[in-house]
Structures are given as structure tokens and as C-alpha cells.
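Novice: Pasting the sequence and the predicted coordinates here, then a few questions.
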Amino acid sequence: MSDQSRALPDRPSLRYLKLEAKRRLSAGEFATLHQAQLAIAREHGLPSWAALKEHIEAAAPASHALTQVRWIMSRFAAAGTPEWAPPGEEELRRHFDDHYLSLVPPDTLTGLLGAVAERLREDLADVRAEPLSLRARAADLRIEAATEAGPPHRLRSLRLYLLETKVKDPRVAAPATRTSGPVPEEAAAVAADSFAELGLVGLIVAGAADDGSVWVTARGWASLDDDDVLLPDHRFPAYSVTKLVTSIAVLRLVADGRVRLDEPANAYLRTIRLADDGVTVRELLSHTGGVDSPASMFADRVPDLASVTGPVAACGGPRGAFAYGNGGYALLGQLIADVTESRYEEAATRMVLEPLGMSDSWFPRSGPVTGAATGHRLTDEGMFERVPTQVSILPAAGGLWTTAADLVRFGLAWSSLLPDALVREALRPQAERDRLGGQAGLGWMLMLPKDVAGQPGAGSGFSASLIIRPGRVGQGGQTWVVLTNRTALVEPVNERLALPIA
């Protein structure tokens, strides 16, 4: 054990010293991590690792974000116990700014923080604190926060998401990275952090530079069993992101005068009818038609739609209220086919994919899919295993297979296919969808206070997310895409790109 005295740098990093302890343990200098940490503490003139941690935190610049997060932890740690009383709106407004509370109303915020109370009782770890921002961990909960620039330094952003702690598979310990285009430094950092935090096999993050050029970073493996490194051009199922392609195809028919948004969908359906004659095309696009969805979404081959829905599709849900589902979009696919007198896949390719240059995107009728990554799932033992490749039984709701670059092209240029009035209508709220300020447009899921729109997708062995910041009509916008070959919640990854915390 070293007894050499060392001086701490001007801005010591506990994270760096933790990595240094692990490096020296791996090099065989110490038998245990505890011994390595103790030696480092003593080298810096402190009697224990705990004392070193306390010294570094005290020496760090004051972090208003850290102060606010510590208030949250102390205030909500006892949530759910008989003696605990939730904070009122006035108390919350002393710690969260008005804009944040317009996005997350006080009652909703109290419920969300109360739901993670058990984790808030743990000490903070992996703390990266700046004066106005914080990134840390409490148990398996990632915490990201940012405050106002001036007093009273209330929180203007707070993001919480669960980390994956079950992964034990040694094959994912040293992921390779392959890139295409000028990947921004912050995007590369997000990909590196998220790969480990979410417990992934492969992760693709993509977007566009200011000049419109597409960049892609791919991390990990396309297939663990085959030791196949993930590449930027590997294909993935987009799942529910497909609904955006379907919505744009329908809106192109509207622009051509062949379909009217507020006409009953049955006016255009020929092969399959809706049980409710009053359901309109607009209601199908905005998930307010009450159309039933099949219980299972995946199979080895795409069946005939009538064998899934029957000749008359059931409408058992409440009409006029938002209820996200796949049945309505399956019928929109049939509407496209009936109006164009061609298969949905052919019409969507001709009307959307080809004009946008999405040459690596298509609708396979069965698996396996050429050039595609392999889906995986995590076993109870923490090991990854292959998921058999299946396709969506409803091509218009989840059947698109694509690359990250093609999805970025879609996000950047979809509006070029429509008149400005229909672009605005697609991005206009048609229905409220949750208590967090979300709305449904025509195909797009909207979060107007954050100025973003998008669509997630998840299914058998894969996940996808597309987020855009539309900008003004006719002036383009920004696009971010995340793809993984494990079913996981990837929206936090995309939010870190589209909505930076600091």
C-alpha cells in the first residue's frame, strides 16, 4: 500500500478518483476495491474514503442544483408513511419555477416524487455538480437537474429515470463504437452513458448537423451470439414510429382532395368496415376513434388484415377521448390501400419513402430481415439471449424496418410532402393525452411547452424513438433518433439530446 503523499488538484473529481481506484485494483496493486480507495484517501492526507468524499464535496463550487435536489430527497424520503404530509403548491413554488410547474402540475409532481421515495432515502452517488446543474444517482435512480441562473435558483428542470442493475453478461463489457458523419461531442457522451445505464446490447443515436448532413453513432453489438459489431447502417424495426409514415400518406391523400379529414372513414373503406359509421379520418389519426386493437402484434408473417379484424372492425373504446392504440392505424392502412387501389406497403413507399430518399426502409412481409440487427432480451440471471425475429401483423401501425439515417431524413423533410396548412394541422393539438401537458396531433405525439413532437416504438426485442423540434413551417427543424436491439425505455436518451438539462 502506497504511503506517498499527494495533493488534490484545484477542482478534485470524485468520479476520477473512483476510476483511478478501479484501475489500480485491476492492475493488481490491491486485493480489494476498499483497499485501493483507502490508499488513495491516505495519499491525499485523509484517513478514509468517506473523509475524502466529504472533503471533495466541501471543496467543490456551491451547486444550487445539488441544494435543491437534497431538499427534494429530505422532503420526500418519508412519502407514504403515516406521519408524512405532502408539500402544498406554495412550498413547491419555492423550489420549482413556474414554467416547470406548468409542465408538471403540483399534484402530479408530488405523486411522481412520492413514487420514488424509497430510492430518495439513499445517499447520492456519482455526483457531477456544477453551480446550476447536477447529474447524480440515488440507488438505481438517475437524477438530472438544472436551476434558474439567478436567485432563488429554483429548479427549472428535473429528470428521473431508472437504471438497469441486473446485467451480468460479460459480452457487453467493452462495447465498440462505429460512426458516420460529424457526431457531436455531446451525442457521443450521451450514447456512452446510456449504453451502460440502460443495460443495452446495441444502441444507435442519430441526428442532423446545422447544414442538414446526417450523423450516426452506433455502440455495441448487432448480434451477441455472432459477435457482430453494430454499424450505423444496420436496420431496425421502427414499430409505432411507422404511424407517422401512415399519417403522412393519409394527409397526402387529403392534400390531393381524395380524402377529407372530417368525413367518416367508412366513406373510403371498401374491404373492411368500422362498426361505428361515425368515426372520422381525423379521429383515427388522433387516436380518438375508439377502435379496438389486437391483443398480439407480432408473428412470423403478415396475415391478411381481415383475418385479424374480421370484415367489421370493432369500436369498443370511447369515441372522442384519446386512447393510444394500433387498431385505428390498421384501418388507416386499409383506407390508403382502398383509395389508391394498391397494397398499403406499395402506396406508403411511393407516397412517402421514395420522395424522402428513404432507400433503406421497407415493409417486410416476414423475417428474418436482410441487414438487420438481432433483437435481445435480458434473462432473470442477467444474461442476454436472442429474440426470434418477427414482423408486425399490422404494417400500417408498426411494420416499417429502417435505418437511423432514414428516420432522420423523415424527421427533417416530412413537411415538404404537404401543404403548409396541413403541416400546421398535423402539429396542432387534437386531443389531450396525459396529465403532463402532452397532446395528440395527427400522427404526432406533441409536447407543446417543450416545443417538441415525436413518436416512440417498442416491441419484440427492439425499441425506437423519433423526436423533432419542428421550427417554423417551411424553415426545417431538428431531429433526433434512438434505436436499440433490446426492449427498453429509450425516451430518456432522446430527451437528453433534444432537451439538454444544462
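Specialist: Noted; the coordinates are in hand. Numbers count the residues shown, from 1 in each chain.

Novice: use CA for all of it now, contacts and neighbours both
Specialist: OK.

Novice: Strands along the stretch 1-150 of the chain, start to end?
Specialist: Assigned by DSSP state E, counting those that start in this stretch, the stretch 1-150 of the chain shows strands spanning 124-129, 133-138, 141-147.

Novice: so which of the ones you listed gets nearest D107?
Specialist: Ranking these by proximity to D107 (C-alpha to C-alpha) places strand 141-147 first, at 19.5 Å.

Novice: Could you name the helices and strands sitting against the closest one?
Specialist: In terms of contacts (3 or more C-alpha pairs under 8 Å, 6 or more residues apart in numbering; DSSP states H and E), strand 141-147 is packed against helix 64-76, strand 133-138, strand 155-162.

Novice: Please pull up the helix or strand immediately following the last one.
Specialist: Downstream of strand 155-162, the first helix or strand assigned by DSSP states H and E is strand 177-180.

Novice: Enumerate every residue touching G454.
Specialist: With contact taken as C-alpha atoms under 8 Å, 6 or more residues apart in numbering, G454 is in contact with W444, M445, L446, S465, L466, I467, I468.

Novice: before we move on, what SS does it have?
Specialist: strand (DSSP: H, G, I helix; E, B strand; the rest coil).

Novice: Distance check, it against W444.
Specialist: Per C-alpha to C-alpha, to the nearest Å, G454 is found 6 Å from W444.

Novice: host element of E346?
Specialist: Counting by DSSP H and E, the element that carries E346 is helix 344-348.

Novice: pull the CA atoms of stretch 210-220 into CSV?
Specialist: Extracted in CSV, the C-alpha atoms of stretch 210-220 (Å, rounded to 0.1, in the frame of the first residue of the first chain):
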residue,chain,number,x,y,z
ASP,A,210,-26.8,22.5,-38.9
ASP,A,211,-26.1,22.1,-42.6
GLY,A,212,-28.6,19.2,-42.8
SER,A,213,-26.0,16.4,-43.0
VAL,A,214,-26.9,13.3,-41.1
TRP,A,215,-24.6,11.9,-38.3
VAL,A,216,-24.9,8.5,-36.6
THR,A,217,-23.1,6.8,-33.8
ALA,A,218,-23.5,3.1,-33.2
ARG,A,219,-22.4,1.4,-30.0
GLY,A,220,-22.3,-2.3,-29.0
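
Novice: Can you name the residues in contact with that stretch?
Specialist: Under the contact criterion C-alpha under 8 Å, 6+ apart, stretch 210-220 has outside partners 172, 175-183, 188, 191-192, 195, 200-209, 229-232, 404-405, 408-409.

Novice: Just the ones in strands from those residues, please.
Specialist: Residues of those located in strands (DSSP state E): T177, R178, T179, S180, G202, L203, I204, V205, A206, G207, A208, V229.

Novice: Can you lay out the residues you listed as JSON lines showing distance to L113, neighbour count and pLDDT?
Specialist: Compiled in JSON lines, the ones in strands among the contacts of stretch 210-220 are given as follows (distance: C-alpha to C-alpha, whole Å; neighbours: other C-alpha atoms under 10 Å; pLDDT from 0 to 100):
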{"residue": "T177", "distance to L113": "36", "neighbour count": "20", "pLDDT": "96"}
{"residue": "R178", "distance to L113": "38", "neighbour count": "14", "pLDDT": "97"}
{"residue": "T179", "distance to L113": "38", "neighbour count": "18", "pLDDT": "97"}
{"residue": "S180", "distance to L113": "39", "neighbour count": "15", "pLDDT": "96"}
{"residue": "G202", "distance to L113": "31", "neighbour count": "29", "pLDDT": "97"}
{"residue": "L203", "distance to L113": "29", "neighbour count": "29", "pLDDT": "97"}
{"residue": "I204", "distance to L113": "31", "neighbour count": "28", "pLDDT": "97"}
{"residue": "V205", "distance to L113": "29", "neighbour count": "27", "pLDDT": "97"}
{"residue": "A206", "distance to L113": "31", "neighbour count": "32", "pLDDT": "97"}
{"residue": "G207", "distance to L113": "32", "neighbour count": "32", "pLDDT": "95"}
{"residue": "A208", "distance to L113": "35", "neighbour count": "24", "pLDDT": "93"}
{"residue": "V229", "distance to L113": "39", "neighbour count": "19", "pLDDT": "97"}
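
Novice: between the residues you listed, which is nearest R301?
Specialist: When these are ranked by distance to R301 (C-alpha to C-alpha), G202 comes first, at 25.2 Å.

Novice: right, and that closest one touches D228 too?
Specialist: No. Using C-alpha atoms under 8 Å, G202 makes no contact with D228, being 10.3 Å away.

Novice: can you give me how far the longest strand belonging to the chain is from the chain middle?
Specialist: Longest strand in the chain by number of residues, with DSSP E as the criterion: strand 214-223. From the chain centre to the centre of strand 214-223 is a distance of 16 Å (C-alpha atoms, centre = their mean, to the nearest Å).

Novice: cool, stretch 29-38 as well?
Specialist: On C-alpha atoms, centre = their mean, the centre of stretch 29-38 falls 38 Å from the chain's centre.
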